[in-house]
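*Asks:* coords below, sequence missing:
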């Protein structure tokens, strides 16, 4: 519902105008399987260089080098940007998936079991990125170590209810 993919079964949904929510799940990496013969740069250009104004962007067309700079911010260097996706490691594909959802500069990022598709060496990078991210982050994960490392409040959803279970930084217990 938060990401906009589902509608509530009852009640009223209030939306903030111009709020862009990005959703990254472990399935985001699997979606790349439809584009294995493209390069990361080609893939992103096919998604974002439409000429139409998009959320989080001032213009529809991309400036020269914009995609390559963005990919580099996610650890995908200029050589990787022009390598076919089917030649990338699982960790590099995960970086591409995250770079793709972050391209529109979302105010809220939902990570739904995304850490599970990362290589161990990339988890620390994601922790640092989440800590430095200026927007809101919702982490859905069974990886308690990751959640504690990013300082996430813990909530439990089950049996038709949502309850706070605590926040590692303030000692809240529920």
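*Replies:* In hand now; what should we look at? If you're wondering where the values come from, they're calculated on a predicted model, not measured in any experiment. Numbering: from 1, shown residues only.

*Asks:* Which neighbouring elements make contact with the helix or strand hosting residue 69?
*Replies:* Following DSSP states H and E, one finds residue 69 within helix 66-73. If contacts are counted by 3 or more Cβ pairs under 8 Å, 6 or more residues apart in numbering; DSSP states H and E, helix 66-73 sits against helix 40-48, helix 78-81, helix 90-102. For the C-beta atoms, the positions are set from N, CA and C on the backbone; glycine is no exception.

*Asks:* Quick check: residue 89 touching residue 119?
*Replies:* Yes. Applying Cβ atoms under 8 Å, one finds residue 89 in contact with residue 119, separated by 7.1 Å.

*Asks:* so what strands line up beside the strand ranked longest in the chain?
*Replies:* Scanning the chain for the strand with the most residues, using DSSP state E, yields strand 161-167. With DSSP bridges as the test, strand 161-167 is paired with strand 154-158 (antiparallel), strand 172-173 (antiparallel).

*Asks:* and of these, who's closest to residue 26?
*Replies:* Residue 26 sits nearest to strand 154-158 of all those, at 18.6 Å, using Cβ to Cβ.

*Asks:* burial measure for the nearest residue to residue 99 once chain neighbours are set aside, as a count.
*Replies:* Residue nearest to residue 99 in three dimensions, not counting chain neighbours: residue 74, with 4.0 Å by Cβ to Cβ, 6 or more residues apart in numbering. Applying other Cβ atoms under 10 Å, we find 21 residues neighbouring residue 74.

*Asks:* and residue 74, what does it touch?
*Replies:* 95, 96, 98, 99, 102 (Cβ atoms under 8 Å, 6 or more residues apart in numbering).

*Asks:* With respect to residue 157, which of the residues you listed is nearest?
*Replies:* Within the contacts of residue 74, proximity to residue 157 (Cβ to Cβ) peaks at residue 98, which comes in at 23.9 Å.
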